[in-house]
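A.B. asks: next comes the sequence, and after it the predicted model I'd like to discuss.
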Amino acid sequence: MTNTADAGTELPATTGPVLTPADDGYQAETSGFQAGYTHRPAVVVGALHAEDVRAAVEYAARQGLPVAVQATGHGLSVATDGGVLINTRRMTDIRIDAAARTARVGAGVQAGALIAAAAAHGLAPLNGSSPSVGVVGYTLGGGLGILAREFGYAADHVRAIELVTADGRLRRVLPGDELFSAVLGTGGNFGVVTALELALVPVTTVYGGRLTFPARLVEPAVEAWRLWTADLPEQLSSAISMLTLPDIPQLPPHLRGQYTATINIAYTGTESEGERLVAPLRAIGERLNDDLRGMPYLESHGIYRDPEQPHPYTATNALLSELPADAADAFLDATGPRSAGGPVVAGFRHLGGALGRPGPAGIAVDGREAAYVARAITMPQVPADEVRDRLDGIRKPLAPWTIGANLNFLYGGGDFADEAQTREIFGPATYDRLAALKSKYDPANMFRFNRNIRPR
């Protein structure tokens, strides 16, 4: 393609579409699931394969432009203005090696497609809660999935990475390579990943679903769940979320506008043992919903039932060393229906188990000693400064127990230039190592993914 940009420079020659803001289709190519923050690049490349990605990176390097990447747009933290956006949603190749229990996935593959492909061989990926999330972006952020306590972070199960670095080289990197460990846990940040090879696990069924409690039982449910998680097998992963349901006609009248608590369960043991383990939760009292059951892993998206339609959102989180009653109470006060600042979807996820054990050497997923992660999602209907103040106010009461943050659960509201935000995610030694590698592989700081890691 030989179109020219506004500045008179030739656009990259690719097989896939190349668009500028004046072109039809530009908005569709830059839009994603995150509707609150949208990339506004000077050029967007709809990559069909790794060579298209390489051409786009070479073009950006020649022009001195920053590069952003988007497949589904779920995890957008910082919108890129005036640079090159590489849209990888068309790169959807999946290859399953059933004997090796691995999958090679292109950069545009969504979790639901990989789940279906793996299930045909009696296997499962270590996916997150939403089937429409991109596998690559989720894994590069660490990948805290629905079976995480049993199998650990998805990033720990990567076998190979194919990526284009700032010098325009297409590389295949393996465990033990310094670039391999730098890419995993940082959201990419060192190149544009075109494919991952991932280990799969022999899971075909899961016992799980949701228990939802009404407003009068929200606090008792949080306390019961907190105590219950103190002694659980690693095969059981769970979370609890609190939110005020919208007052919309799609909901039954008795649920509209009600403040609720929902406990999410995923257990890879038998259904009978799952029933025994969750009995203390059912003893909390009246349930607005109780759909716990044994299910094919293909139906595991029903455990969380994440929203399916694009919408605006921001989110923060805090990795917690423990979850005493004081911390849970403070979080409820900061996020409940009587808190200032508008509606919040808030909750805790139980960590530990395999998540607490060391991962492959050098992988940039820190905070493994955390016992829980607290999350809060807001709707950015106010100026950006007020959004950040709101998120900071939610985290502040948790400060005595906070040991870091999880990259996967930071959405929107970010400032690419704010180094302090990035340092929250990594320990000092990890950050210094990554900054040195950034100087080696991306000295011009071309790649603008999630939170910035500055070259030294």
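C.D. replies: Arrived safely, thanks for sending. Numbers count the residues shown, from 1 in each chain.
A.B. asks: so where does residue 223 fall, helix or strand?
C.D. replies: helix 218-228 (DSSP states H and E).
A.B. asks: could you point out the helix or strand that follows that helix?
C.D. replies: Following helix 218-228 toward the C-terminus (DSSP H and E): strand 236-244.
A.B. asks: ok so, going back, relative to strand 236-244, how tilted is the helix holding residue 223?
C.D. replies: Helix 218-228 and strand 236-244 are oriented at 160 degrees to each other (axes from the mean of the first three to the mean of the last three C-alpha atoms, to 10 degrees).
A.B. asks: who are the packing partners of helix 218-228?
C.D. replies: Taking 3 or more C-beta pairs under 8 Å, 6 or more residues apart in numbering; DSSP states H and E as contact, the helices and strands that helix 218-228 lies on are strand 236-244, strand 259-267, helix 271-282, helix 325-335, strand 344-350. The way it works is simple: take the backbone N, C-alpha and C, and place the C-beta from them, glycine included.
A.B. asks: in that helix, which residues are buried?
C.D. replies: 218, 219, 221, 222, 224, 225, 226, 228 (16 or more other C-beta atoms under 10 Å).
A.B. asks: avg pLDDT for it?
C.D. replies: Taken as a whole, helix 218-228 has a mean pLDDT of 98.
A.B. asks: now do that helix: everything it contacts.
C.D. replies: 213, 238, 240, 242, 259-261, 263, 280-281, 283-285, 323, 325, 328, 332, 336, 348 (C-beta atoms under 8 Å, 6 or more residues apart in numbering).
A.B. asks: let's see it at 10 Å
C.D. replies: For helix 218-228, the external contacting residues (C-beta atoms under 10 Å, 6 or more residues apart in numbering) are 211-214, 217, 236, 238-240, 242-243, 258-263, 277-281, 283-285, 287, 323-325, 327-329, 331-332, 336-337, 347-348, 350, 372.
A.B. asks: would you turn the helices and strands packed on helix 218-228 into TSV with mean pLDDT, mean neighbour count and distance to residue 32?
C.D. replies: As requested, these are exported to TSV (pLDDT from 0 to 100; neighbours: other C-beta atoms under 10 Å; distance: least, C-beta to C-beta, whole Å):
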stretch	mean pLDDT	mean neighbour count	distance to residue 32
strand 236-244	97	23	23
strand 259-267	97	23	25
helix 271-282	98	15	35
helix 325-335	96	18	26
strand 344-350	96	23	19
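A.B. asks: and the ones you listed: which comes nearest residue 438?
C.D. replies: strand 344-350 (29.7 Å; C-beta to C-beta).
A.B. asks: so after the closest one, what's the next helix or strand?
C.D. replies: The helix or strand immediately downstream of strand 344-350 is strand 372-378, counting by DSSP H and E.
A.B. asks: what's the next helix or strand after that next one packed up against?
C.D. replies: For strand 372-378, the following helix or strand on the C-terminal side (DSSP H and E) is helix 384-395. Contacts defined by 3 or more C-beta pairs under 10 Å, 6 or more residues apart in numbering; DSSP states H and E place helix 384-395 against strand 314-320, helix 325-335, strand 344-350, strand 372-378.
A.B. asks: quick revisit: export the helices and strands packed on helix 218-228 to JSON lines and tack on distance to residue 187?
C.D. replies: Converted to JSON lines, the helices and strands packed on helix 218-228 look like this (distance: least, C-beta to C-beta, whole Å):
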{"stretch": "strand 236-244", "distance to residue 187": "22"}
{"stretch": "strand 259-267", "distance to residue 187": "25"}
{"stretch": "helix 271-282", "distance to residue 187": "34"}
{"stretch": "helix 325-335", "distance to residue 187": "26"}
{"stretch": "strand 344-350", "distance to residue 187": "19"}
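A.B. asks: which one of these lies closest to residue 110?
C.D. replies: Comparison of these against residue 110 by C-beta to C-beta identifies strand 259-267 as nearest, at 19.3 Å.
A.B. asks: dump the residue contacts of residue 267.
C.D. replies: By C-beta under 10 Å, 6+ apart, the neighbours of residue 267 are 147, 149-150, 206-208, 232-233, 235-238, 273-275, 277-278, 292, 294.
A.B. asks: one step back: residue 312 is nearest to which of the helices and strands packed on helix 218-228?
C.D. replies: Closest among the helices and strands packed on helix 218-228, using C-beta to C-beta: strand 344-350, at 13.0 Å.
A.B. asks: what's the distance between the helix or strand bottoming out on mean pLDDT in the chain and the middle of its chain?
C.D. replies: Lowest on mean pLDDT, DSSP states H and E among the helices and strands of the chain sits helix 419-423, with a mean of 76. In terms of C-alpha atoms, centre = their mean, to the nearest Å, the centre of helix 419-423 is found 18 Å from the chain centre.
A.B. asks: off-centre distance for the helix or strand that that helix is followed by?
C.D. replies: Later in the chain than helix 419-423, the nearest helix or strand by DSSP H and E is helix 428-441. Mean C-alpha position of helix 428-441 versus that of the full chain (C-alpha atoms, centre = their mean) differs by 22 Å.
A.B. asks: do stretch 120-139 as well
C.D. replies: Chain-centre distance of stretch 120-139: 11 Å, with C-alpha atoms, centre = their mean.
A.B. asks: buried residues in it, which are they?
C.D. replies: Going by neighbour count (16+ other C-beta under 10 Å), the buried part of stretch 120-139 is 121, 123-139.
A.B. asks: do stretch 178-187 as well
C.D. replies: Going by neighbour count (16+ other C-beta under 10 Å), the buried part of stretch 178-187 is 179, 180, 181, 182, 183, 184, 185, 186, 187.
A.B. asks: likewise for stretch 244-257?
C.D. replies: Going by 16+ other C-beta under 10 Å, stretch 244-257 has these buried residues: 244, 245, 255.
A.B. asks: quick one: the last one and residue 246 touch, right?
C.D. replies: Yep, that's residue 255 we're talking about. Yes - counting by C-beta atoms under 10 Å, residue 255 touches residue 246, with 9.5 Å between them.
A.B. asks: for the least confident helix or strand of the chain, packing partners?
C.D. replies: Using 3+ C-beta pairs under 10 Å, 6+ apart, helix 419-423 sits against helix 428-441.
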